[in-house]
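Student: requesting a structural model of the entry that follows:
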Amino acid sequence: MADGAALVPVASYSSTMPLNQIDAPLPATLKKDPKLANNWKTKSGEQLTDAELLAMPDSEYMNEKQLAAFRVRLNQLKNDILANAGETTEHLREETVIVPDPADRATIEEEHALELRTRDRERKLLKKIEQSIIRLDSGDFGYCDETGEAIGVGRLLARPTATLSLEAQQRRELKQKMYGD
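Tutor: Alright, predicted model coming up:
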């Protein structure tokens, strides 16, 4: 891109976590802030903000500080999911009261079913997070499984468990749409 703008893809999944536990969505386009270009040199990876990660030069892609920043994000997401799972268990135990009204009972059962579906999605996300941490350890994190090219910091900020570049993901989704699963 000639103007230095970096496109940030919109995540293709809906979040199952409350909005206060996930980062605010990134705008469709973000420009590299030249004022932040060298901030990464004086901070540890754990202290870097999204804007500072995006402002890093392309030559520094997946350096130690970026890897440390993504490790912290993945571990935080993992801990949040595990905490939510514990809360769900407690919540389901507390509400095992017998309710005589069938409408109230149906409402409670529907809420429990919704909560369990949400936790099932988070369980699947937890597997992806653990795979991403393994990829961090092996040095494969940040690179497309199909093409080997860089996934991009913007996409990884939006979806830290991404294993495909935006183009490869679009091709895969198009094939699934055309031919089914």
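Student: excluding chain neighbours, what is closest to L126?
Tutor: Nearest non-adjacent residue to L126, counting by CB to CB, 6 or more residues apart in numbering: I81, 5.2 Å away. For every residue, glycine as well, the C-beta is placed using N, CA and C.
Student: what is the neighbour count of that neighbour?
Tutor: By the criterion of other CB atoms under 10 Å, I81 has 19 neighbours.
Student: now swap in the one 5 residues further on and tell me
Tutor: For G86, the tally of surrounding residues (other CB under 10 Å) stands at 9.
Student: contacting residues for the residue nearest to L126?
Tutor: Contacts for I81 (CB atoms under 8 Å, 6 or more residues apart in numbering) come out as 17, 122, 125-126, 129.
Student: burial of E94, as a residue count?
Tutor: Residues near E94, counting by other CB under 10 Å, number 8.
Student: distance-wise, check it relative to P160.
Tutor: 33 Å (CB to CB, to the nearest Å).
Student: what helices or strands is the strand or helix carrying G154 leaning on?
Tutor: Using DSSP states H and E, G154 sits in helix 153-158. Judged by 3 or more CB pairs under 8 Å, 6 or more residues apart in numbering; DSSP states H and E, helix 153-158 is in contact with strand 5-7, helix 50-55.
Student: find the nearest non-adjacent residue to D50, please.
Tutor: That would be L157: by CB to CB, 6+ apart, it lies 5.3 Å from D50.
Student: can you pull the phi/psi pair for the spatially most central residue of the chain?
Tutor: The residue lying closest to the centre of the chain (CA atoms, centre = their mean) is R159, at 3.5 Å. Main-chain torsions, R159, degrees, to the nearest 10: phi -140, psi 90.
Student: how about the one 5 residues further on?
Tutor: When quoted as degrees, to the nearest 10, the phi and psi of L164 stand at phi -120, psi 150.
Student: that one and C144 touch, don't they?
Tutor: Yes: here L164 reaches C144: they are 5.4 Å apart, a contact under CB atoms under 8 Å.
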